[in-house]
Every structure is written in structure tokens, then in C-alpha cells.
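Colleague: let's see this in three dimensions:
(one chain, ligands or ions: 3)
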Amino acid sequence: MLALTALAVALSTVSTMATPTKRASPGPWCDGLGSGAFDTSSSFTLAAYNTTGPNANSTGAPPRDGQRRRTAASWPDALVYPTASLANGTLILSGTGDALPAQAVAVQEGDSLVFSASDSANPSAGAQDYCAVQPESGLPLLAVYGDTDSFSLCQLAWENVVFYKAAPDQGYDFDSCYPVKLQIVFQ
Ligand SMILES: *[C@@H]1O[C@H](CO)[C@@H](O)[C@H](O)[C@H]1NC(C)=O
Ligand SMILES: *[C@@H]1O[C@H](CO)[C@@H](O)[C@H](O)[C@H]1NC(C)=O
Ligand SMILES: *[C@@H]1O[C@H](CO)[C@@H](O)[C@H](O)[C@H]1NC(C)=O
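Modeller: Numbering: from 1, shown residues only. Ligands and ions are numbered 1, 2, ... in the order given. Model prediction:
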């Protein structure tokens with residue numbers, strides 16, 4: 001399993017925003033998110049907006065991390081998978097260099113956003129757990145299971161990793177977790 005990682009992309013390039021590809025009716029993985037929901041989009045990075053603490057700006061900070069394992073990754077990993085897109089409810093990671101194809105694994109409560117990376121991975125067949133929603137103002141938000149409100153940044157070794165419904169005793173420092181919204185920054 002891959003471990004989530006950093007967003008390397010300079011967030012100062014926010015000015016050229018691509019339009020999400022809105023389908024007439026996104027799939028059931030968008031249920032509950034209203035008319036601003038979309039499940040297919042062009043390429044983006046994520047910015048973690050601290051919902052309870054200070055933010056340097058209205059975009060939020062890139063989740064920082066450097067951990068990588070051979071056969072799995074958590075996203076975002078700025079070095080190996082700098083960007084992602086949404087395709088019919090799954091996340092498609094765009095890799096650099098010799099990055100292996102990465103397929104979204106079903107998101108588990110208490111875990112990070114995990115992808116299996118291997119030569120036989122099929123990104124477009126990944127778990128359809130993801131959606132995005134455009135609020136009335138501000139950047140679009142990433143959702144898992146129709147939920148934009150359950151992401152945290154937690155310390156795992158020396159990295160800040162995104163977790164869904166962070167919980168104690170899961171192998172990371174739960175006391176370090178703080179809630180974030182995952183803002184979608186189109187390239
Ligand atoms: C986010 O807010 C929390 C307080 O809820 C704080 O402990 C944490 O340091 C903040 N994170 C950053 C990156 O400022
Ligand atoms: C917002 O602040 C973060 C640091 O917290 C920085 O990495 C990012 O580039 C800034 N984004 C913009 C658009 O200035
Ligand atoms: C989206 O996924 C659903 C369920 O897997 C499938 O039935 C549908 O054909 C897909 N639509 C597109 C446009 O890929």
C-alpha cells in the first residue's frame with residue numbers, strides 16, 4: 001500500500017482554474033453532496049485547509065510527506081504522483097518517471113487514502129469512493145463517501161499524512177491529528 005504524501009505543486013498557480021467536467025448526474029458516491037457535486041474532473045492537487053487553526057492563506061498548506069513504499073502509496077505524494085483527477089468516482093493518480101500504475105483501494109475509517117501500486121494495477125478500476133463538491137464560494141472540496149468533513153492531517157513518522165476518520169491506536173500519532181478540508185486546486 002502506498003502512503004500519502006506531499007503536494008509539491010506550487011499553490012501560487014491557482015489562477016488558471018480548469019473547469020471540472022460535470023456530468024449530468026454523478027454516481028451514488030456523490031449522494032448527499034447536492035447540485036455542486038461532480039465525480040469526473042481534470043487534473044488537480046490537494047491543499048489541506050486547517051479548519052480549527054491558523055492557515056497561511058485561504059488555499060491551505062500542501063500535506064507534507066516523503067514516505068513511500070514499493071507497492072503502495074497514500075496520496076498526495078508530490079514526488080511520485082504529483083497530481084490526480086477524478087474519473088467516475090475514483091481517483092486517478094498521475095505518476096512521474098517510473099511510477100507504477102496506482103489503483104484506489106476502498107477507503108477505510110482510520111486509514112489514509114491508500115492506493116495499490118503495481119504493474120497490474122488498473123487505475124480506472126479503482127474504488128469509486130470519491131467525489132468533489134463546489135461550495136457556494138471557495139475552492140471545490142474532496143469527499144469520501146459523500147463526506148467532506150472527516151479528513152485529518154496526522155503525524156506518521158516525520159510526515160503529515162491525510163487520514164479519513166482518524167482514530168487512536170492505528171499506527172500513527174493520533175494526538176497530532178487536526179481536522180482539515182481537502183481543497184481541490186486545478187492545474
Ligand atoms: C491547525 O490547527 C491546530 C489547532 O486545531 C493546530 O494544533 C495545528 O498546529 C494547526 N496546523 C498548522 C499547520 O498550522
Ligand atoms: C499557502 O500557504 C502555504 C503554506 O502554509 C504555501 O505552501 C502555499 O504555497 C500558499 N499558497 C498560496 C496560494 O499562496
Ligand atoms: C461509472 O461507473 C458505473 C459503476 O461502476 C458504471 O456503471 C458506469 O458505466 C461508469 N460510467 C462511466 C462514464 O464510466
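
Colleague: got the residues of the protein near ligand 3?
Modeller: Applying Cβ under 6 Å from any ligand atom, one finds that the chain approaches ligand 3 through Gly27, Asn88, Gln128. Every residue, glycine included, has its C-beta placed from N, CA and C.

Colleague: filter those to the buried ones?
Modeller: Gln128 (16 or more other Cβ atoms under 10 Å).

Colleague: okay, the residues of the chain next to ligand 3 in CSV with pLDDT and secondary structure next?
Modeller: Below are the residues of the chain next to ligand 3 laid out as CSV (pLDDT from 0 to 100; DSSP: H, G, I helix; E, B strand; the rest coil):
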residue, pLDDT, secondary structure
Gly27, 94, coil
Asn88, 96, coil
Gln128, 98, coil
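
Colleague: of the residues of the chain next to ligand 3, list those near ligand 1.
Modeller: Within the residues of the chain next to ligand 3, nothing lies near ligand 1 by Cβ under 6 Å from any ligand atom.

Colleague: closest to ligand 3 among the residues of the chain next to ligand 3?
Modeller: Asn88 (3.7 Å; Cβ to the nearest ligand atom).

Colleague: do you know how far the closest one is from Ala167?
Modeller: The gap separating Asn88 from Ala167 is 29 Å, by Cβ to Cβ, to the nearest Å.

Colleague: and ligand 2, is the helix or strand hosting Thr45 touching that?
Modeller: Per DSSP states H and E: Thr45 is located in strand 44-50. No: interface with ligand 2: strand 44-50 contributes nothing (Cβ under 6 Å from any ligand atom), its closest point being 7.2 Å away.

Colleague: number of residues surrounding Asn57?
Modeller: 11 (other Cβ atoms under 10 Å).
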